[in-house]
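> fold the following, please.
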Amino acid sequence: MDKPTRRGRVRAATDHDIRQTARTLLIEQGPEAVTLRAIARELGITAPALYRYYGSRDDLIEHLRLDVCADLAAELAEEIAPFSDNGMLQLFAICKGFRRWALTHTKEFTLVFASPTGGVGSAAGSVATLNRVDEPFGRIFLTAAGRVLASHDLALPPVEAVPAELRDDLTAFKEELLTVLGESGLDFPADKLDLGTTYVMIQFWARLYGHVTLEVFGNYPIPVSKPDALFDAMLADLAREIGLTLE
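Model (predicted):
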């Protein structure tokens, strides 16, 4: 393999410095502090020099989001490794790990999971959507969910129970999910993923995400003295609704 040119090595190092500086600003001051001007000031260079690497702040933020998601996925992958033969334990360990990470990485959670990226009610373009094949957190979550679907006979609603107005969106999402599961290397029976199953998966994620978001921003509707117990009870409810039992 050819060695990288000196120019390539300098460019890679500079790109690393830019992202590292952006991450530091994010953690210390929040998403609004991550600007090209602020990064340039920290690095002692001019803001226009950054455009050699990123076309805009949005371009940089997209890469920063992907970096955060990759770190989160790597952390969760290490946590679930002992449960490689049990999809259910993996899935709920991911849920707990996601909450723990969100509560201890609030600025990064805000950037990735709570920053507007599309129209109202739409997650189009969001790095945190579950169907992005290039997003490692989505892949690890869906792979564990796929293992549960493949190995358990779940209590899932029939297609007729899915609101008719949602079926077109869910049909498109189902095809994307099958692609993600296929690219994960999981031998997943496609007939197990109908619209009822897809609908449950969306509802599962919405409830998990909603609960964690309320906690992160301190917006739970009542004071809770034992938030861990509340979260565990919510997970147990989710499991029970689809015919699983958490021990």
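
> how is this structure divided into domains?
Domain assignment of the chain by automatic domain parsing yields the ranges 1-55, 65-241.

> tell me how far the longest one lies from the chain's centre.
Read that as domain 65-241. 8 Å (C-alpha atoms, centre = their mean, to the nearest Å).

> one more: the shortest one?
Averaged C-alpha coordinates place domain 1-55 at 24 Å from its chain's average position (C-alpha atoms, centre = their mean).

> let's see stretch 77-90 as PDB, backbone CA atoms only.
Below are the C-alpha coordinates for stretch 77-90, written out as PDB (Å, rounded to 0.1, in the frame of the first residue of the first chain):
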ATOM      1  CA  ALA A  77     -21.400  -2.800  21.500                       C
ATOM      2  CA  GLU A  78     -18.900  -3.400  24.300                       C
ATOM      3  CA  GLU A  79     -21.700  -3.500  26.900                       C
ATOM      4  CA  ILE A  80     -23.900  -6.100  25.000                       C
ATOM      5  CA  ALA A  81     -21.000  -8.300  23.900                       C
ATOM      6  CA  PRO A  82     -21.600 -10.800  26.800                       C
ATOM      7  CA  PHE A  83     -25.200 -11.300  25.500                       C
ATOM      8  CA  SER A  84     -24.300 -12.200  22.000                       C
ATOM      9  CA  ASP A  85     -26.600 -15.200  22.000                       C
ATOM     10  CA  ASN A  86     -29.600 -13.400  23.500                       C
ATOM     11  CA  GLY A  87     -31.200 -10.700  21.400                       C
ATOM     12  CA  MET A  88     -33.700  -9.700  24.200                       C
ATOM     13  CA  LEU A  89     -31.000  -9.100  26.700                       C
ATOM     14  CA  GLN A  90     -29.100  -7.100  24.100                       C
END
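
> buried sites along it?
By neighbour count on 16 or more other C-beta atoms under 10 Å, the buried set for stretch 77-90 is Ala77, Glu79, Ile80, Phe83, Asn86, Gly87, Met88, Leu89, Gln90. Glycine gets a C-beta too; all of them are placed from N, C-alpha and C.

> okay, and which of the residues you listed map to strands?
Judged by DSSP state E, the subset of these located in strands is empty.

> among those residues, which are in helices?
Ala77, Glu79, Ile80, Gly87, Met88, Leu89, Gln90 (DSSP state H).

> so which of those residues is the closest to Gly218?
Nearest to Gly218, judged by C-beta to C-beta, of those is Glu79 at 25.6 Å.

> where does the residue nearest to that closest one when sequence neighbours are not counted land in three-state SS?
Leaving out its chain neighbours, the residue that sits closest to Glu79 by C-beta to C-beta, 6 or more residues apart in numbering is Gly97, at 5.1 Å. Classification of Gly97 using DSSP: H, G, I helix; E, B strand; the rest coil returns helix.

> neighbours around Gly97, how many?
Using other C-beta atoms under 10 Å, Gly97 is surrounded by 18 other residues.

> ok, it - contacts?
Glu75, Leu76, Glu79, Ile80 (C-beta atoms under 8 Å, 6 or more residues apart in numbering).

> quick one: the strands in the protein?
Using DSSP E, strands in the chain do not occur.

> about what we covered before: so for the ones in helices among the buried residues of stretch 77-90, which is the shakiest by pLDDT?
Confidence by pLDDT is poorest for Gly87 among those, given 87.
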